[in-house]
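Engineer: After the sequence you'll find the predicted model.
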Amino acid sequence: MNLKQRFMNRLEGKDSDIVPVGCTTTYGVVDIMKKVGHERPLADTDPVAMAGLALGYVEAGFEWCKAMGWDITAVSEVMGCTIGEPKIDIQKFIKEHPYAESLDGLAYPDNLFEKGRFPAYKEQFKILKEKLGDEVAIFGETEGAWTAACNLVGTEKFMKWTFKEKEKVQQVLDVTTEVVIDVINWAFDQGADYYVVAEPSSGPALMSPRTWKQFVLPMMTKVAQRSKGPVVLHVCANTDSIIEFMCDTGVAGISIEEKADMKAAVEIARPKGVKVFGNVATATTMFMGTPEECYKESIAALENGCDFLTPGCGIAPGSPLVNVQQLRKARDDYFKVG
């Protein structure tokens with residue numbers, strides 16, 4: 001069984017010998033950049049550098065590979081957001097919200113895949129498929145429709161609309177949802193094996209479970225139903241109160257942070273056929289902790305039943321590589337690999 005078979009078997013609920021280890025979001029770590037010789041900001045836009053850094057999954061001890069860059073702004077960018085320039089240790093970020101004052105002009109972008117970084121992503125996919133073939137799973141990732149909507153309008157204003165201007169919320173979501181669905185299916189056409197929809201702006205720290213159920217649940221259900229392949233949903237912060245809703249969207253997997261209860265999430269997800277990714281703390285343990293602490297949290301995630309051992313979120317660029325490598329070490333020790 002090769003790495004791709006192990007990954008896909010587990011994601012699809014088939015027999016799999018051990019828990020795969022990797023990253024569900026971004027791993028643009030400076031130590032990895034230095035190892036492979038491909039650094040941001042070039043690795044944010046140049047397909048060769050982008051692919052070279054993606055192949056740094058091996059340096060981390062991971063078992064699957066990421067396509068489509070090192071941030072979650074690509075959809076928002078082609079829909080009109082102004083993007084801040086990255087540095088080696090800073091991702092691209094949203095600077096301005098084009099529809100903060102008015103929704104006039106909001107529409108599905110013309111020639112979507114000729115804009116922004118999508119031409120570079122297409123070339124990156126080609127390079128990765130040539131290098132990895134059918135040996136290693138490759139995934140695509142962007143922000144989801146809710147987070148893109150928040151980026152276009154401004155998160156605070158968009159959240160206020162959920163109380164008193166629901167029709168505006170739906171107006172924006174109708175457009176961003178269509179764009180995200182097409183981006184996901186485009187990625188599958190390029191050779192992605194699965195796709196991660198990152199929805200950090202939909203976390204319970206920003207919106208109530210009731211609002212999530214009202215807006216995000218039906219939107220994500222549509223996304224999952226119309227996608228050509230398996231989708232994994234990532235939501236930041238303590239998602240305990242929405243785990244059931246996340247699973248009810250029809251996604252193949254959910255990705256949770258350390259603030260969420262892994263054991264409880266697995267107990268909810270498993271009967272629904274949903275796999276759980278997580279949940280070693282990125283902002284604290286992996287970034288500022290010791291290798292021993294990273295190892296300990298990895299073992300805890302395995303003991304609590306994670307289906308895929310991963311960081312809880314994107315790995316901070318300044319995280320020591322030795323900390324990142326503890327996930328693989330813990331998994332190998334836990335399953336007595338080698």
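Structural biologist: Thanks, I have the structure now.
Engineer: Next, residue 309: secondary structure please.
Structural biologist: Using DSSP: H, G, I helix; E, B strand; the rest coil, the three-state assignment for residue 309 comes out as strand.
Engineer: Next, count neighbours for it.
Structural biologist: By the measure other C-beta atoms under 10 Å, the count of residues near residue 309 is 26. For glycine as for every other residue, the C-beta is placed from the backbone atoms N, C-alpha and C.
Engineer: again with residue 1
Structural biologist: For residue 1, using other C-beta under 10 Å, the count is 11.
Engineer: In space, what's closest to residue 116 - neighbours in sequence excluded?
Structural biologist: Leaving aside its sequence neighbours, residue 116 sits nearest to residue 78 (C-beta to C-beta, 6 or more residues apart in numbering; 4.2 Å).
Engineer: Residue 171 now?
Structural biologist: Nearest residue to residue 171, sequence neighbours excluded (C-beta to C-beta, 6+ apart): residue 103, at 6.2 Å.
Engineer: quick one, what contacts the one you found?
Structural biologist: Residues near residue 103 by C-beta atoms under 8 Å, 6 or more residues apart in numbering: 153, 168, 171, 172.
Engineer: Turn the buried ones among those into a named PyMOL selection, would you?
Structural biologist: Restricted to buried positions by 16 or more other C-beta atoms under 10 Å, the PyMOL selection for the contacts of residue 103 reads:
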select buried, resi 153+168+172
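Engineer: quick one on the thing from earlier: can you report how many residues lie near the residue nearest to residue 116?
Structural biologist: Using other C-beta under 10 Å, residue 78 is surrounded by 21 other residues.
Engineer: Please apply the same query to the one 10 residues further on.
Structural biologist: Residues lying near residue 88 (other C-beta under 10 Å) number 15.
Engineer: now residue 107
Structural biologist: Residue 107 has 10 neighbours, counted by other C-beta under 10 Å.
Engineer: Could I get the full set of helices for the stretch 201-338 of the chain?
Structural biologist: Here the stretch 201-338 of the chain has its helices, by DSSP state H, counting those that start in this stretch, at 209-211, 217-226, 243-248, 262-269, 287-288, 291-303, 321-324, 326-334.
Engineer: and the ones you listed as TSV, adding mean neighbour count and mean pLDDT?
Structural biologist: Output for the helices of the stretch 201-338 of the chain, formatted as TSV (neighbours: other C-beta atoms under 10 Å; pLDDT from 0 to 100):
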stretch	mean neighbour count	mean pLDDT
helix 209-211	15	97
helix 217-226	18	98
helix 243-248	20	98
helix 262-269	18	98
helix 287-288	16	98
helix 291-303	19	98
helix 321-324	20	98
helix 326-334	20	98
